[in-house]
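J.: can't give you the sequence, but here's the structure:
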């Protein structure tokens, strides 16, 4: 498999960036992920993941306009690159193909 | 209410976070904080903020983005080479300044090296002995109800027995020792007088003597002797003297069993030129076996001990504390002193003595004072360097500008100036070493030391290296940090002007320099005056042509009349007498005198003399008459000095009876006062005169010194051989070992003269270094104001005007220094003088004279440059660019 490996957390961050569609930045992403996954996420983790994703070329960023609530500081806004999109798609396809080949699809309510 | 995130956390974030990430990270953190304030409240939001900030404290966020420009390396070899090249060119271009800088610094360093060696020598005292850490001397702390605290260095004999029997397990070695005394050593025709000490046989091992011949067991035989290398050489030459016979004091024959390397000057045992076995001393002094073995009241022994490797002095001291007291049941007088036995470690022998029962801080203070003076002289030299560099900064401002313009960063310039200062410091250090070599013998002479440059000692080099480093940093920091801060635009445009206050630090430094110098000058003058006033004190007897010799052997006794008659027959001798102790020493003092209205508790100096003593030393009578052989009753006569007369407070002392009761056995002697003489300075010339009485016969032993007054008509060089011949004839067994009284008297001034000489040395150096710096500054100022002077001259200023103009600034600085120095030196010198009873006044003229001296020197220094500048042809100076 040639594509760059994505960690589970990175994948979630990348998905969140994709969902927020151009408006994604650190705090917002954190809140979004906390809401969706219900796990405790810290700001520095989100920033680290974003940096790694940018290094891998899956997101690109630009500085936004200054806003008052941040004391006049600009946000760094992230959006998914084409490479990022394709990676997400490939992951999705890989998973879908496994799910299809499964004889007895798992019930979603698994006994704990 | 609007609340802000914790400021400290924010500061911390700003400190560690990489600048290119800071904005977004901090923005996110602040936004999150606002959110949390709304949801969980300000208090918890603050805690979370801290937690979040710390979350970012990891390499990813700390690491700075690398610059897109190539990095400037601060330590490029090429640049370093360039710095040195420029430095050397600068040195060569301004030879005068370079000389002042390097030579001034070298002088300061040479002084610092000398002082460093001196301090090292003081602090390493006794470290020659390998067991230095564990050797101690047994002493007692006494605490008497009436006489107060005190320390006893001499121990009673039974204490040594007590320690050896009941406490031996706490010591590795326990060594009894006699007092140190002159002995006559003779072999064949050769006779020498040498100081020696008799010690137990373990002593050589304890002291780890370096044996050249023989071994440490050399003192086992009771008739043996260990010689120092120099003594052995003087007696036997270069051969191995072991097993050779030697005669001690013309009485006992001993055998040389070993030769040890001379103990260096900085050891306590240096004065011993031979060691003998303690047993021999006991057999030669029968009174020890007869009376002293069980007598706890007779203190005459020195006891040394070496403790076990893992033990401490405190521990052993606490164990032996009561070794004396518990045996004093029958000695009320001794028990009243409550003696506490303890061990005084060898490391404290030299610098931590005792004075009247309390630790004596004087020796350690001397070390500190000398160290501080050394540091000050070095500081003066560094100040010169700093001053000259900053003063000349304007000259180099252009260079800084150009360097900065072509891309030099500040760090490089700092490097450059530091490497320049290090170059100078290293040159100065080499010069300083070259200066120290010829000065050292002279310095040793004054300081009475055997200092050598410790070429092979790694610590010396380590110290020198750190010394160079510190001086380089100290001297180079100001120019390095100051020059490198110039802004290239201003400098190159020529609008750069050193501000009005730029010269303030320079002036402060000059004031500091001169304050130190003037303080030293004033102190020196006061020390020299103190010595002078003591030297000019009326002595009360005539020292010229007076010689004395100690009667070291029994052979002298009973030959008084023969000797006197023979000596007078030669014509070279005016008179001869014998006395207790030397004329220059008050050998004995006692209580127990009663007179009309007198108190037996009063202490008097008590000296036995022969009838002719007065005539020999030429004492001067205020009242009454001298002893005379014509009156047989004079053998119970008493001559008292003025101090004694004053103490006795008798209206007509002559003829008054005095009774002396001996404290040991209550025997009584009755005297009649024959005469009152003028006070004689026998003790320290700085102290008050002790009340003293002279008599023919007393309780406290007899005469032990011979005094000979040479006939004034005969020169000493003629008289001495004649006197010697008489001694050879009458007392052939003893070397004729005489001393001139005036020479002996002068040794009383030795300590103070030494301080005086050293103070003069330092003061001269301090003023020299300061003037060197001032000379440099003055020439700089004159050069800087060349144009101004030219214009003034054209407009009609006279040379005197210009001289005044240029000198004024410096003179003001020196006057300020004098004003600061006067109270400082008054304070310290007043304190110093307190230890002398007979002391000089600190009068105002000393300050005035010192200030005038300093001003004169300053004017001379500055005037040379000022007049040179003032005499310049204005046409030339105005044309220069």
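T.: Good, I have the coordinates. Quick caveat: nothing in here was measured; it's all calculated off a predicted structure.
J.: Just say helix, strand or coil for residue B:707.
T.: Classification of residue B:707 by DSSP: H, G, I helix; E, B strand; the rest coil places it in strand.
J.: For residue B:181, see how far away it is.
T.: Applying CB to CB, to the nearest Å, the value for residue B:707 to residue B:181 is 20 Å. Every C-beta, even on glycine, is put in place using the N, C-alpha and C of the backbone.
J.: quick one, which of the two is more surrounded?
T.: residue B:707 (23 against 14; other CB atoms under 10 Å in any protein chain shown).
J.: Can you pull the phi and psi angles for residue B:781?
T.: phi -60, psi -40 (degrees, to the nearest 10).
J.: Which residues are in contact with it?
T.: B:391, B:806, B:809, B:865 (CB atoms under 8 Å, 6 or more residues apart in numbering or on different chains).
J.: okay, who's weakest in these by pLDDT?
T.: The lowest pLDDT within these belongs to residue B:391, with 73.
J.: Spatially nearest residue to it (excluding sequence neighbours)?
T.: Once flanking residues are discounted, residue B:391 sits nearest to residue B:780: 4.8 Å by CB to CB, 6 or more residues apart in numbering or on different chains.
J.: What mean pLDDT does the lengthiest helix in chain A get?
T.: The residue-count maximum for a helix in chain A (DSSP state H) belongs to helix A:82-101. Across helix A:82-101, the average pLDDT comes to 90.
J.: quick check, distance from it to the centre of its chain.
T.: 14 Å (CA atoms, centre = their mean, to the nearest Å).
J.: burial count for the residue nearest to residue B:391?
T.: Residue B:780: 18 neighbours (other CB under 10 Å).
J.: where's it, which helix or strand?
T.: helix B:750-784 (DSSP states H and E).
J.: Report the buried residues of that helix.
T.: B:752-753, B:755-763, B:765-782 (16 or more other CB atoms under 10 Å in any protein chain shown).
J.: need the helix or strand of chain A with the lowest average pLDDT.
T.: Averaged element by element with mean pLDDT, DSSP states H and E, chain A has its least confident helix or strand at strand A:59-66 (a mean of 87).
J.: Please name every helix or strand in contact with that strand.
T.: Other elements packing on strand A:59-66 under the criterion 3 or more CB pairs under 8 Å, 6 or more residues apart in numbering or on different chains; DSSP states H and E are helix A:43-56, strand A:74-80.
J.: Just put the ones you listed in a markdown table and tack on mean neighbour count and distance to chain B.
T.: Formatted as a markdown table, the helices and strands packed on strand A:59-66 follow (neighbours: other CB atoms under 10 Å in any protein chain shown; distance: least, CB to the nearest CB, whole Å):
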| stretch | mean neighbour count | distance to chain B |
| --- | --- | --- |
| helix A:43-56 | 20 | 4 |
| strand A:74-80 | 21 | 4 |
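J.: Outline the domain layout of chain B.
T.: B:7-62, B:135-349, B:364-532+B:751-879, B:546-743 (automatic domain parsing).
J.: thinking again about what came up before, could you give the angle of the least confident helix or strand of chain A to helix A:43-56?
T.: 120 degrees (axes from the mean of the first three to the mean of the last three CA atoms, to 10 degrees).
J.: buried residues in strand A:59-66?
T.: Across strand A:59-66, burial judged by 16+ other CB under 10 Å covers A:59, A:61, A:64.
J.: got it, and stretch B:486-496?
T.: So, applying 16+ other CB under 10 Å, buried residues of stretch B:486-496: B:486, B:488, B:491-492, B:496.
J.: With stretch B:299-307 instead?
T.: B:299, B:301-307.
J.: Which of those sits closest to chain A?
T.: Chain A has its nearest neighbour among the buried residues of stretch B:299-307 in residue B:307, at 62.3 Å by CB to the nearest CB.
J.: ok, now how distant is the closest one from residue B:359?
T.: 21 Å.
J.: Give me the helix or strand of chain B that scores worst on average pLDDT.
T.: strand B:354-355 (a mean of 74).
J.: got the contact list for it?
T.: Contacts for strand B:354-355 (CB under 8 Å, 6+ apart): B:151, B:360, B:362.
J.: Weed out the non-buried ones from these.
T.: Buried among the contacts of strand B:354-355 by 16+ other CB under 10 Å: residue B:151.
J.: quick one: which of the contacts of strand B:354-355 sit in helices?
T.: Reading helices off the contacts of strand B:354-355 with DSSP H, I get residue B:362.
J.: tell me which parts of chain B are close to chain A?
T.: B:23-32, B:34-35, B:52, B:55-56, B:58, B:60-61 (CB under 8 Å from any CB of the partner chain).
J.: Can you tell me which of those residues end up in helices?
T.: Short answer: those in helices (DSSP H) are B:23-32, B:34-35, B:52, B:55, B:60-61.
J.: Generate a ChimeraX selection restricted to the buried subset of those.
T.: Buried members of those, defined by 16+ other CB under 10 Å, are picked up in ChimeraX with:
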select /B:23,24,25,26,27,28,29,30,31,32,34,35,52,55,61
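J.: And the furthest pair within the ones in helices among the residues of chain B next to chain A?
T.: With distances taken as CB to CB, the most widely separated pair in those is B:34 and B:60, at 25.0 Å.
J.: show me what contacts residue B:472?
T.: Contacts of residue B:472 (CB under 8 Å, 6+ apart): B:418, B:421-422, B:425-426.
J.: switch the cut-off to 10 Å
T.: B:382, B:385, B:418-426, B:428-429, B:480 (CB atoms under 10 Å, 6 or more residues apart in numbering or on different chains).
J.: same thing with residue B:866?
T.: Residue B:866 neighbours (CB under 10 Å, 6+ apart): B:778-779, B:781-782, B:789, B:799, B:802-808, B:810, B:859.
J.: Which entries within these meet the buried criterion?
T.: B:778-779, B:781-782, B:789, B:802-803, B:805-807, B:810, B:859.
J.: what's the spacing between residue B:300 and residue B:306?
T.: 22 Å.
J.: ok, now residue B:19?
T.: 67 Å.
J.: remind me which residues of the chain are low pLDDT?
T.: The chain I'm using is chain A. A:1-4, A:105-112 (pLDDT under 70).
J.: switch to chain B, that's the one I care about
T.: Those would be B:1-2, B:67-75, B:145-148, B:356, B:393-394, B:494-502, B:664, B:880-881, if you go by pLDDT under 70 across chain B.
J.: For stretch B:582-595, buried residues please.
T.: Applying 16+ other CB under 10 Å to stretch B:582-595 flags B:582-584, B:586-588, B:590, B:592-595 as buried.
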